[in-house]
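Structure of the sequence below:
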Amino acid sequence: MSKPAVAAAQNTTNTKQTGQSSRQGVVGVLDIGSSKTACFIARSGDVTRGSIRVAGVGHQSSKGLRGGSIVDLDATEMAVRQAIEQAERMAGTSINAVTLNYCGPSLRAQTMRGMAAINGREITDRDVKRVLKTALASWQDDERVVIHAIPQRYSVDDNIDVRDPRGMFATRLGVELCIVSADRSPLRNLALIVDRCRLDLRSIVATPYAAGLSALVDDEIHLGATVIDMGAGATSFAVFCDGALAHLGVVPYGGQHVTNDIARGLSTPMAAAERIKTMYGTVLDGPDDDFEMIDCPGMCDDPGIRTDQAPRAVLTSVIRPRLEEIFEMVRAQMEKGGVYRDAGERVVLVGGASQLDGVRELSGRILNKQVRLGRPLRLTGLGDAVNGAGFSATAGTLHHVIAGPREAIFGAPNLSGGTRRNGSAHPSHPVGQLWSWLRDNF
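I've put the predicted structure just below:
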């Protein structure tokens, strides 16, 4: 079968070794965000009652990024090195590979379906392999990289919600796969940073998916819930339903855009705008907002220039429209993806920008759902400084590597692309990777 090659998963020759090392040895995960760079280290065998013990943590202010994209490789590399070295010192060990999480505007989820005839006999591992291959073979976009291929459900004849069809008798077997993909270029830049730090890239995890694995409880994942990760450079969301990822998306606005709005609206420097947002930021109106004054330093450091003041009501009027826009865009994407009703009645907010006063109430009104603030769950060994909503995606990436659900493909993407001359499935194509995954897991 001749298909265009797609850079979708790990090199076939090291798939088995990568999967084994992530579950037996030291695991490192890296979050290169617009505001911070964080590294968590854990030992994959150090899991007690479903909780993972974190051995080392490092985090630094991000440098060399703008709007979530790398604009200065050297500055970004320095921040990454510092975060990793800090985590290694705390853990008392070194790492030679990391798993990255990624949140970019090109992140996209699609559902692929496959069907195979069984002819009334018992379903075997080979039949599961065949139906997954059929679903993956429909992917033909060689400009994008597949980073997740998650089986959502199998169908056995008229039973359309089967978790494991092996051993059942049927005339036909079907599968629905949630395939998460992204543009190749930004992933290659992230991989370059990892390579310059002399580390191997183990795999890449979508940020909203990781945040959901960390912040959602089991009942929310099964009954239906949406996690919204409000980062500095972007806001991403993931919808979980029936125990699996159903959809995800990215809105290209985040906490940094709120800071920019404050700096422009109050004519104050960025550093002062960030401080004002942290100390006084809210989207709720108060009875004394017109009389409570906030100091707004001028753009110039000349001590002769008097510091201006603005009512807190003005600050609220600057912050609220941007956050309303973000949540309205999230709702629009959910409705366009056809998952607004499947998302259930629960929303969990994570990310640094979610900690602004009144965000929970505002999001509940716009999304018309029950909203709670989330944080990393099922982790021990985290200090108070790194146990908040801003580190949920980093913690979730650690969950994904050590105890996450199996996927049809896994490992480091082959970001170089390429097609075999004979037209057979290239090792970087999801179909080529499916054979290795099934060989190692069935």
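
Can you name every helix or strand that the helix ranked longest in the chain contacts?
The helix spanning the most residues in the chain, taking DSSP state H as the definition, is helix 312-336. If contacts are counted by 3 or more CB pairs under 8 Å, 6 or more residues apart in numbering; DSSP states H and E, helix 312-336 sits against strand 225-230, strand 235-241, strand 244-251, helix 255-266, helix 270-280, strand 293-296, helix 359-367. All C-beta atoms are positioned from the backbone trio N, CA, C, and that covers glycine.

quick one: buried residues of that helix?
Buried positions in helix 312-336, judged by neighbour count with 16 or more other CB atoms under 10 Å: 312-316, 318-320, 322-323, 326-327, 329-331, 333-334.

can you give me how far that helix is from the chain middle?
How far helix 312-336 lies from its chain's middle: 21 Å, per CA atoms, centre = their mean, to the nearest Å.

Looking at it now, give me its mean pLDDT.
Helix 312-336 shows a mean pLDDT of 96.

hey, where'd the helices end up in the protein?
Using DSSP H, the helices of the chain run over residues 15-24, 73-91, 125-137, 184-196, 207-215, 218-223, 255-266, 270-280, 312-336, 359-367, 392-403, 430-441.

Could you single out the most deeply buried of those?
Greatest average neighbour count among the helices of the chain goes to helix 207-215 (a mean of 30), per mean count of other CB atoms under 10 Å.

CA atoms only for that helix - export them in PDB, please.
The C-alpha coordinates for helix 207-215 follow below in PDB (Å, rounded to 0.1, in the frame of the first residue of the first chain):
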ATOM      1  CA  THR A 207       0.000  20.400  26.700                       C
ATOM      2  CA  PRO A 208      -3.800  20.400  27.200                       C
ATOM      3  CA  TYR A 209      -3.800  16.600  27.200                       C
ATOM      4  CA  ALA A 210      -1.000  16.500  29.800                       C
ATOM      5  CA  ALA A 211      -2.900  19.100  31.900                       C
ATOM      6  CA  GLY A 212      -6.000  16.900  31.800                       C
ATOM      7  CA  LEU A 213      -4.000  13.800  33.000                       C
ATOM      8  CA  SER A 214      -2.800  15.800  35.900                       C
ATOM      9  CA  ALA A 215      -5.700  17.900  37.000                       C
END
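
Next, the angle helix 392-403 makes with that helix.
If you take axes from the mean of the first three to the mean of the last three CA atoms, to 10 degrees, helix 207-215 sits at 80 degrees to helix 392-403.

contacts for helix 207-215?
For helix 207-215, the external contacting residues (CB atoms under 8 Å, 6 or more residues apart in numbering) are 31, 101-103, 107, 148, 180, 221, 225, 227-229, 231, 236-238, 240, 245, 248-250, 348, 350-351, 374-379, 389, 392-397, 399-400, 404.

same thing but 6 Å
Helix 207-215 is contacted by residues 101, 103, 227, 229, 236-238, 240, 245, 248, 348, 350, 374, 376, 392-393, 395-397, 399-400 when judged by CB atoms under 6 Å, 6 or more residues apart in numbering.

where does that helix sit relative to the chain's centre, distance-wise?
Worked out by CA atoms, centre = their mean, helix 207-215 lies 6 Å from the chain centre.

can you count the residues close to residue 115?
For residue 115, the count of nearby residues is 13 (other CB atoms under 10 Å).

thought it was touching residue 174?
Yes. With contact defined as CB atoms under 6 Å, residue 115 reaches residue 174; the gap is 4.7 Å.

ok, now how distant is residue 213 from residue 160?
Going from residue 213 to residue 160 by CB to CB, to the nearest Å gives 25 Å.

do residue 102 as well
32 Å.

Those two: who's more crowded?
Applying other CB under 10 Å to residue 102 and residue 160 shows that residue 102 carries more neighbours, namely 24 against 11.

what's the closest non-adjacent residue to that one?
Spatially, and ignoring its direct neighbours in sequence, residue 102 is nearest to residue 204 (5.3 Å; CB to CB, 6 or more residues apart in numbering).

Can you give me the distance of that neighbour to residue 409?
Distance, residue 204 to residue 409, by CB to CB: 11 Å.

Between the two, which is the more surrounded one?
Remark: of residue 204 and residue 409, residue 409 carries more neighbours, 27 against 22, as counted by other CB under 10 Å.

thinking that one is in contact with residue 149, fair?
Yes. The pair residue 409 / residue 149 is scored as a contact, 4.7 Å apart, by CB under 6 Å.

List the single closest residue to residue 106 in space, sequence neighbours excluded.
In space, residue 106 comes closest to residue 183 once its chain neighbours are excluded; the distance is 3.9 Å by CB to CB, 6+ apart.

what's around the one you found, how many residues?
Number of residues near residue 183 (other CB under 10 Å) recorded here: 15.

In terms of pLDDT, where does it sit?
Per-residue confidence for residue 183 comes out at a pLDDT of 92.

now swap in residue 164 and tell me
Looking at residue 164, its pLDDT is 87.

Ok, residue 258 next?
Note on residue 258: pLDDT of 96.

how close does it get to residue 252?
Applying CB to CB, the value for residue 258 to residue 252 is 13 Å.

Just give me the neighbour total for residue 308.
So residue 308, with other CB under 10 Å, has 14 neighbours.

could you list every residue that touches residue 273?
Counting by CB under 6 Å, 6+ apart, residue 273 has contacts 259, 262, 263.

any idea of the pLDDT on it?
At residue 273, the pLDDT value in this model is 94.

Next: the one 3 residues further on.
For residue 276, the model assigns a pLDDT of 95.

Mean pLDDT lowest where, among the helices and strands packed on helix 312-336?
Looking at the helices and strands packed on helix 312-336, the weakest mean confidence is strand 293-296, a mean of 90.

Parallel or antiparallel, list what pairs with that strand.
Partner strands and pairing direction for strand 293-296 (DSSP bridges) are strand 308-311 (antiparallel).
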